[in-house]
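>>> Okay, predicted coordinates and the sequence, questions at the end:
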Amino acid sequence: MSEQSGSRLDPWIDSYAQRAQGLTASAIRALFAVASRPEVVSLAGGMPYVNALDANQFADITARVIREQGNTALQYGSGQGDQKLREQILEITSLVGVHSHPDDIVVTAGSQMGLDLVTKIFCDPGDTVLVESPSYVGALGVFRSYQCNVVHVDMDENGLNPEALRTALAEHKNVKFIYTIPSFHNPAGLTQNQQRREEILLIAKEFGVPILEDDPYGLLGFEGEPPQAIRALDDQSVIYLGSFSKTIASGLRLGWVIAPHGVREKIVLAAEAATLCPSNFVQLTISRYLAEQPWQQQIKVFQELYRERRDALLDSMQALMPAGTTWTIPEGGFYSWVTLPPGLDATSMLPRAVAELVAYVPGTGFYADGQGSQNLRLSYCYPDPDRIREGVRRLAVVLEAEIEVLNTFGPAHPAATPSFFSPRSDTR
Amino acid sequence: MQVVILSGGLSPERDVSLRSGRRLAEALRTSMPDAEITEADVTADTIDVLESLRPDCVIPMIHGSVGEDGSLRCVLEALGIPFVGSSSQASRIAFDKAISSTLLPQANIPRFAALPHSFFKNMGAKSIMAAIIGDLGLPLIVKPLTGGSALGVTRCVVEADVPTALVTAFGYSDTVIIQQVVVGAELALAVVDRGGSPEALPPVEIVPVSGVYDYDARYSAGATEFFVPARLSEAVDAKVKEFALLVHRTLNLRDISRTDVIVDSQDNIWFLEVNVAPGMTETSLVPQAFSAANLEVGEVFAELVNKATRR
């Protein structure tokens, strides 16, 4: 064979930054392409049920925004976000005990952008971020893109485990922040009780490490008052991320960061560098919606709808899941975290599930270190209860088939059941 | 003229198929400006849609089982709708390696066993695995019988890798292939028949950066280095092209095919498989062979469409 150079079909392949190295195609993504087909019951994506909104109402609001405030709506705006909207955001956050000043708020293109900005201003490559075990896949993607060292900290039935947090903080010297989703966790479906929140805050303050509190689901509890945010306990040690994605509509792409003064200043500058300003049109639309519509009533509609769906999921899992399967019981939000019988691998099971026309997210996506093969996340937010029941029925068939294959060949992987969910899980 | 490109489907290769279909549609809209080019997913309504549209020609761009095992083509034949590519019968034979390899007695074929899960279950997996590993040696390849894009494929280096690999492969198919590993240059050999006689295009040599031509290496630009034409002597180049034509002719393939082979250090050609609906994405192999032969994807398929409508 002669020496010659070949083509890698991308002339810039050697020019990319180190942080782009992991951005490749994946077989899991390929399988999700099938999950978008209507035949498939998707228990995978956390898509809010926006069909529950009155679309005509939004059509009317957006039309009036353009007609009456067109010059502002179609123009650049403040990098920090619309003043009136920031005041309205505080009405929302007061429901979770966060009483701040509008100047402490930065409006972002979804809380995902807030997550990105906070990581951008805090983390150099190699800096450590502590996250729950498991953690939100979108956050892990941000931390990876800034080349952070992600350290998972164990959870128990009340969420982030204080002792494990203390140990991690003692072991890792360059921790930039503790990322936590205290209410209706994605993907674990767990919620920190008030005592737990206080313990975590105390430990964070003891080590002088800020908390990045991600709270997109806080108002979507199924019983009682919303859990009070950690930020409600301390406005100097906690950076708070909020979102309209789950309480109004994810397609509007609007969220916010509430941060201590110095942090907020840097976030505003970083936000301006990234996008100049959030969309004025969307901000004015949401502002009108909040001013004119019974938004708290709409949240109640969502709560009831998601509670009914959660019940459909849990009841059918209770009836159909094979022995050895456990799951968390969410008291709000969108997700239940399932632990498969020992030996089953949720990633290698996914093609069989897709062939049976049901989809979920394998647990490995929620870890930065390869854990989670025995877990999967089920979302109950989008399909209606009947579809959820059908999805669980199909999933049970998949599990039974996979157990049969596993019994033929022996365990595919050593059993690694995380024990911390057991106390709150149903087991058959 | 109305041309329908069928892409998508419900197989794990849906995304690849959609990308192939989209790229082909764009190319055809340029090369056949007067034709109406429609992209259609394969759903429960597909037959009704085709019957109502009555297109002049269909291009099945569905990868994996339904698209390549003859099922879809069988329906197109039943509807009397011309289509680009091999007949249902030829596709069925080409798709089943256990059958197609017996029709290629001249070829070196890596030794393999194709076994359903029920066989392992009923006959005792441990003893079957031991016998096969003893016979084929290690390393070996475990892959689903149906499917493509290297989904569910594992290279097993030690015996302990095999059970996990089998569980993974059975996730994609009820039957798996356990195959001897052949070391050498991996080549894709495209054959196209534009109306005269089948012509073999320049071989595409595949050198994955990671060493494994898995799904990521196939569909992430930059993850694989391609040599087109392959780094072969003139004599071996001619030999592999002749082999590709032999496969195309022997299996009665039509219009377009892609034969995957390995050429070992003694220049022996090892047949891996043949595809009747090769991918047409940005990183796919056949479009690279077209380029090396100074052929445009759109122009080639325009000729294949015209040829199909005259059949």
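Perfect, I can see it now.
>>> what's stretch A:111-118 in contact with?
Stretch A:111-118 has contacts (C-beta atoms under 8 Å, 6 or more residues apart in numbering or on different chains) with A:106, A:108, A:138-139, A:142, A:145, A:177, A:212, A:214, A:216, A:239, A:241-243, A:245, A:255-257, A:259, A:263, A:267, A:270-271, A:274-275. Where C-beta positions appear, they are placed from N, C-alpha and C, glycine not excepted.
>>> Would you mind putting the CA coordinates of that stretch into PDB?
C-alpha atoms of stretch A:111-118 as PDB (Å, rounded to 0.1, in the frame of the first residue of the first chain):
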ATOM      1  CA  SER A 111     -32.400  28.800  32.900                       C
ATOM      2  CA  GLN A 112     -30.000  26.700  30.800                       C
ATOM      3  CA  MET A 113     -28.400  29.900  29.700                       C
ATOM      4  CA  GLY A 114     -28.200  30.900  33.400                       C
ATOM      5  CA  LEU A 115     -26.400  27.600  34.100                       C
ATOM      6  CA  ASP A 116     -24.000  28.300  31.300                       C
ATOM      7  CA  LEU A 117     -23.300  31.800  32.400                       C
ATOM      8  CA  VAL A 118     -22.700  30.900  36.000                       C
END
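>>> just to revisit the earlier point, can you say which of the contacts of stretch A:111-118 are buried?
For those, a burial check counting by 16 or more other C-beta atoms under 10 Å in any protein chain shown picks out A:106, A:108, A:138-139, A:142, A:145, A:177, A:212, A:214, A:216, A:239, A:241-243, A:245, A:255-257, A:259, A:263, A:267, A:270-271.
>>> Pull the residues that contact stretch B:295-306.
B:1, B:3, B:23-24, B:26-32, B:35, B:56-57, B:59, B:84-85, B:192, B:194-195, B:201, B:255-256, B:280, B:287, B:290.
>>> Spell out which residues make up each domain of chain A.
Per automatic domain parsing, the domain ranges recorded for chain A read A:20-52+A:298-427, A:56-292.
>>> mind putting those domains in a markdown table, mean pLDDT included?
Shown next, in a markdown table, are the domains of chain A (pLDDT from 0 to 100):
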| stretch | mean pLDDT |
| --- | --- |
| domain A:20-52+A:298-427 | 89 |
| domain A:56-292 | 97 |
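>>> Distance to residue B:168 added to the ones you listed, as CSV?
What follows is the domains of chain A, written out as CSV (distance: least, C-beta to C-beta, whole Å):
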stretch, distance to residue B:168
domain A:20-52+A:298-427, 4
domain A:56-292, 22
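>>> Show me the one of the ones you listed that comes nearest residue B:205.
domain A:20-52+A:298-427 (20.8 Å; C-beta to C-beta).
>>> Just the element for the one residue in the stretch 151-300 of chain A that gets nearest to chain B, please.
Residue of the stretch 151-300 of chain A nearest chain B, by C-beta to the nearest C-beta: residue A:187 (21.7 Å). Of the helices and strands defined by DSSP states H and E, none includes residue A:187.
>>> you'd agree it is up against residue A:134?
Yes: contact criterion C-beta atoms under 8 Å: residue A:187 and residue A:134 qualify, at 5.6 Å.
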